[in-house]
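*Asks:* Please find the sequence and the predicted model below.
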Amino acid sequence: MAHTADYEVMIEGKAYPWGKDTISVSDIRKLGNMPSGAQVVEEDLRDGTERALTEDDVLRPGKLDAGKRPTKRVNFRQR
């Protein structure tokens, strides 16, 4: 039986499965195939706010529950 990811990370509008309860900025770049050193921005899809992330930021991806969308609706993108 295959294990599915417990978390989802949204990068530039595409959902990626993620197996850990935290993700670093460098992990986001790798997962989203962004250039090394690219500025990463966190967009809150509920209230429309955004913030530039620093290299030291560690974030919590959206938790997946069977048959439901993650409760955390955040997108990461390049600036």
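*Replies:* Okay, I see it. Residues are numbered from 1 along each chain as shown.

*Asks:* Could you grab the helix/strand/coil label for the residue nearest in space to the middle of the chain?
*Replies:* Centroid-nearest residue in the chain, with Cα atoms, centre = their mean: Val9, separated by 3.2 Å. Three-state call for Val9 (DSSP: H, G, I helix; E, B strand; the rest coil): strand.

*Asks:* I'd guessed it sits against Gly19; true?
*Replies:* No - shown here, Val9 and Gly19 do not form a contact pair, counting by Cβ atoms under 8 Å, at 10.5 Å. The C-beta positions use only the backbone N, C-alpha and C, and glycine is treated the same way.

*Asks:* any idea which element the nearest residue to Gly13 once chain neighbours are set aside lies in?
*Replies:* Spatial nearest neighbour of Gly13, excluding adjacent residues (Cβ to Cβ, 6 or more residues apart in numbering): Asn75 at 6.4 Å. Assigned by DSSP states H and E, Asn75 belongs to strand 74-78.

*Asks:* in stretch 21-33, what's buried?
*Replies:* Within stretch 21-33, the residues scored as buried using 16 or more other Cβ atoms under 10 Å are 23, 25, 27-29, 31-32.

*Asks:* let me redo that: stretch 58-66
*Replies:* For stretch 58-66, a neighbour-count test (16+ other Cβ under 10 Å) marks 59, 61-62, 64 as buried.

*Asks:* As JSON lines, the residues you listed with pLDDT and distance to Ala38 would be great.
*Replies:* Converted to JSON lines, these look like this (pLDDT from 0 to 100; distance: Cβ to Cβ, whole Å):
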{"residue": "Leu59", "pLDDT": "94", "distance to Ala38": "16"}
{"residue": "Pro61", "pLDDT": "89", "distance to Ala38": "19"}
{"residue": "Gly62", "pLDDT": "84", "distance to Ala38": "22"}
{"residue": "Leu64", "pLDDT": "81", "distance to Ala38": "26"}
